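[1] compute the structure for the input listed below.
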Amino acid sequence: MKEGKNYAVYIATNYPRKTVLYTGVTNNVFERGDQHESKTDKKSFTAKYNVNRIVYYETYNDITAAIEREKEIKGWIRVKKERLVNSINPEWKDIINESLK
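    Purely as a prediction, here's the structure:
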């Protein structure tokens with residue numbers, strides 16, 4: 001088990017349409033936000049569906065816990081994921097890129 005590093009479980013969407021909710025895990029949520037916004041991998045799911053805005057994230061020190069949480073959220077129905085986002089970000093702002101401005 002690798003500890004001492006920060007990991008983030010996040011939800012991203014294709015704002016303003018919000019037709020896709022993508023859940024992922026990363027060791028650098030700011031870099032991942034930039035990757036989604038710039039469509040670094042043109043053939044990826046997130047590029048194809050224009051998933052370009054991280055609207056929720058939570059951090060972990062343990063990658064195993066982060067992966068477990070990612071799997072838990074991925075198993076939820078959409079309305080439960082929407083409630084989670086709304087609990088901290090009711091306006092669905094890009095909390096990564098807008099926080100850097």
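
[2] surely residue 30 forms part of a strand?
    No - counting by DSSP: H, G, I helix; E, B strand; the rest coil, residue 30 is not found in a strand; it is helix.

[3] quick check, it in contact with residue 96.
    Yes - counting by C-beta atoms under 8 Å, residue 96 is a contact partner of residue 30 at 5.8 Å. Where you see a C-beta, it was placed from the backbone N, CA and C, and this is true even at glycine.

[4] who has more neighbours out of those two?
    It is residue 96, of residue 30 and residue 96, that has more neighbours when counted by other C-beta atoms under 10 Å, with 22 against 15.

[5] where does the more buried one fall, phi/psi-wise?
    Phi and psi for residue 96, reported as degrees, to the nearest 10, are phi -90, psi -60.

[6] tell me how far it lies from residue 23.
    15 Å (C-beta to C-beta, to the nearest Å).

[7] over to residue 93?
    From residue 93 over to residue 23 (counting by C-beta to C-beta), the distance is 18 Å.

[8] out of the two, which sits in the busier spot?
    residue 23 (19 against 14).

[9] where does the chain dip in pLDDT?
    1-4, 99-101 (pLDDT under 70).

[10] all strands of it, in order?
    7-13, 21-26, 53-60 (DSSP state E).

[11] which of those sits most buried?
    strand 7-13 (a mean of 24; mean count of other C-beta atoms under 10 Å).

[12] mind giving me the packing neighbours of that strand?
    strand 21-26, helix 29-38, strand 53-60, helix 63-74, helix 78-88 (3 or more C-beta pairs under 8 Å, 6 or more residues apart in numbering; DSSP states H and E).
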